[in-house]
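Trainee: Here is my input; please provide its structure:
(chains A and B)
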Amino acid sequence: MKGMSKRYLLAAGCAVCVGLGVFGAVQESAAHKDPHDAATLKAFQDLFMEQVILGDRLFHGDPEAQQEMGVNLSKTGMACAMCHPISSDIHPHEFPKFQEQMSEFATLRDMVNWCIEKPNEGEVIDVNSEAMKALEAYMYWSNKGSVLDPGRH
Amino acid sequence: MQKKQPHDNGGSRIEISRRTFLHNTLLTGGAVAGAGLFQTFTTMNVAHAAAGSFSFAWVSDTHLYPKTLNTRFIEKAGRAFKEIEEMGSSFDFMIFGGDLAQKGDPVELQLGVDMLAEITSVKKHFIPGEHDWYLDMGEAWNRHFGESPWMFDHKGVRIIGLNTVGFAPDYWTAKGMSPKERMGHMEALDGSQAGPWSGLGREQMQWLSTALSDWPKNEPVIIFSHTPLYEVYPGWNFWVRDWRQVHEVLAPYGNVTNIHGHVHQPLYHETDNARFIGQLATSWPWPYPPTGVPALTRPMIRVDPGDIFDGVGWGTFDVTDAGVENEYKMWRKEVFAVAQHDSGTGDNGNQILTPRIADRDWTGN
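Mentor: Numbers count the residues shown, from 1 in each chain, chains lettered A, B, ... in the order given. Take a look at the predicted model:
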């Protein structure tokens, strides 16, 4: 399974355990989940950062990461990071919004595919693909703390 | 003496600069059409007194890939070179300001050599960029274009070309990087492995001091460098790491202009005795850094990423008794934003950025 890892399975396992705990407690209280322990939280965070790092590699044009994910994000030698160093000038916190280049109301994922197809002349990816999720994870992580302002031009 | 910092927007010189900018824009009429392209005059007058008027051209940051991979940057570099060749008789010389190649590859550099050979109507001078250097540590570059730094005097101005890219602290030996890996880490503007690679180094600093030592303190000096000789945004090496020492060396000289590439965007900054003017790339525009853009910079208008000729171009400089006038030869009608929401820096206050992570702990493949 592409993009899956031991950490992913560990985090999924933790989530299942937490879920079972909740299910077991439904009769007593449906409104609460069992508290997450430190190991579970770390597993969630490790999974997230693994996706961030994968997204970083894709964003910077790493050929091995692209091969691993079965994507071809550019045919020009250009990578996302060449126009967006440290993910700058993407403003993921401003989506969704009307995007002039596309003449439509767009999500961040729509815009990612536009950049892959137009400036990079690469092959667009499924908006729900593992590669798209990793790219999204990297872009949001590297803009962490930015002010949420959807719709802003 | 208190030095102005990039964020300092107080003081009379700033008002003069803005007024002069407006004055010159009115004089030159804003935009005129010629030879199928729009030429937007974007002037910044600085108080110089040259012995004779002259003009020169600046072109840099072509970032050529091999023809088999990408002809887009070749097309734009070729357009700039052709325009310079056609205007060659109006220039006393031209500067190529570095980053001719993308990966320092011999094929890329040879392509650049061949394309630059098409410019025969004007004398050419060269300084390197980091993309030209770190595959073979400047061997091919120096063989093709000669060593730097260099200097010459021209019509009452001391002209200096620096090498601000070739003296990076060694980030490759201890980690056993191959030449391609060394170049790869240098190639990423936001990479974490190459560190503060931009600087003059001790020897070149001494050379600069000596090169200026016999020059009258009130006479104009123009210094070309790939990277800016002040601190804009160290994370992208929009600086030289030893800029404080550079400013100390330059402090006795009252009329200093630094013209630089690397930033792929208009930037403008002044200190008490110097002004610093950032130039366009022909290849592609960088976004403005999230912090550090000097207060005197009039930001470039937001670029359309679907138009490969937007936000790029080359530059001309006219040196007269009245000052130095810079014109950005951007291949679109507009250069500067009028409203903040159309500016390349308009959203900077709304974004908080974290440096990349995937190469932070690189220990080799």
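Trainee: What segments of chain A are strands?
Mentor: A:97-99, A:104-106 (DSSP state E).
Trainee: Show me what the last one is packed against.
Mentor: The helices and strands touching strand A:104-106, judged by 3 or more Cβ pairs under 8 Å, 6 or more residues apart in numbering or on different chains; DSSP states H and E, are strand A:97-99. To be clear about C-beta, it is placed using only N, CA and C from the backbone, and glycine gets the same treatment.
Trainee: And the strand it packs on, what does it pack against?
Mentor: So strand A:97-99, by 3+ Cβ pairs under 8 Å, 6+ apart, packs with strand A:104-106, helix A:108-117.
Trainee: what pLDDT, on average, does the longest one get?
Mentor: For helix A:108-117, mean pLDDT is 97.
Trainee: same for it, what does it pack against?
Mentor: Counting by 3+ Cβ pairs under 8 Å, 6+ apart, helix A:108-117 packs on strand A:97-99, helix A:130-142.
Trainee: Pick the most deeply packed of the ones you listed.
Mentor: helix A:130-142 (a mean of 22; mean count of other Cβ atoms under 10 Å in any protein chain shown).
Trainee: Now do stretch B:334-351: everything it contacts.
Mentor: Applying Cβ atoms under 8 Å, 6 or more residues apart in numbering or on different chains, the contact partners of stretch B:334-351 are A:88-89, A:91, A:93-94, A:143, A:146-147, A:149, A:152-153, B:40, B:42, B:265-266, B:285, B:287-288, B:290-291, B:293, B:298-303, B:328.
Trainee: where does the closest residue to chain A within the stretch 51-200 of chain B land on pLDDT?
Mentor: With Cβ to the nearest Cβ as the measure, B:Asp190 is the residue of the stretch 51-200 of chain B nearest to chain A, at 3.7 Å. pLDDT, B:Asp190: 95.
Trainee: Could you check how far the nearest residue to it once chain neighbours are set aside is from B:Lys329?
Mentor: Among residues not flanking B:Asp190 along the chain, A:Pro85 sits closest, at 3.7 Å (Cβ to Cβ, 6 or more residues apart in numbering or on different chains). Using Cβ to Cβ, to the nearest Å, A:Pro85 is found at 25 Å from B:Lys329.
Trainee: what's the answer for B:Phe126, then?
Mentor: B:Phe126 is 19 Å from B:Lys329, where distance means Cβ to Cβ.
Trainee: I'd like to know how many residues surround the residue in the stretch 201-350 of chain B that chain A sits nearest to.
Mentor: Residue nearest to chain A within the stretch 201-350 of chain B (Cβ to the nearest Cβ): B:Pro287, separated by 3.5 Å. Other residues within reach of B:Pro287, judged by other Cβ atoms under 10 Å in any protein chain shown, total 23.
Trainee: pLDDT score for the most centrally placed residue in chain B?
Mentor: For chain B, the residue nearest the mean C-alpha position is B:Gly261 (1.3 Å; Cα atoms, centre = their mean). You'll see B:Gly261 listed with a pLDDT of 98.
Trainee: hang on, isn't it packed against B:Ser283?
Mentor: No - applying Cβ atoms under 8 Å, one finds B:Gly261 not in contact with B:Ser283, separated by 10.7 Å.
Trainee: what sits in contact with each of the two?
Mentor: Contacts common to B:Gly261 and B:Ser283, judged by Cβ under 8 Å, 6+ apart, are B:Asp61, B:Asp99.
Trainee: which one of the helices and strands packed on helix A:108-117 lies closest to B:Asp132?
Mentor: Checking the helices and strands packed on helix A:108-117 against B:Asp132 by Cβ to Cβ gives helix A:130-142 as the closest, at 28.7 Å.
Trainee: which helices and strands sit right next to the closest one?
Mentor: Using 3+ Cβ pairs under 8 Å, 6+ apart, helix A:130-142 is in contact with helix A:38-59, helix A:63-69, helix A:108-117.
Trainee: could those be laid out in JSON lines, adding mean neighbour count?
Mentor: Output for those, formatted as JSON lines (neighbours: other Cβ atoms under 10 Å in any protein chain shown):
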{"stretch": "helix A:38-59", "mean neighbour count": "19"}
{"stretch": "helix A:63-69", "mean neighbour count": "15"}
{"stretch": "helix A:108-117", "mean neighbour count": "20"}
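Trainee: Just put the ones you listed in JSON lines and tack on distance to B:Arg182.
Mentor: Putting the helices and strands packed on helix A:130-142 into JSON lines (distance: least, Cβ to Cβ, whole Å) gives the following:
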{"stretch": "helix A:38-59", "distance to B:Arg182": "19"}
{"stretch": "helix A:63-69", "distance to B:Arg182": "18"}
{"stretch": "helix A:108-117", "distance to B:Arg182": "29"}
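Trainee: on that earlier part again, distance to A:Pro35 for the helices and strands packed on strand A:97-99 - can I get that in a markdown table?
Mentor: Output for the helices and strands packed on strand A:97-99, formatted as a markdown table (distance: least, Cβ to Cβ, whole Å):
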| stretch | distance to A:Pro35 |
| --- | --- |
| strand A:104-106 | 39 |
| helix A:108-117 | 32 |
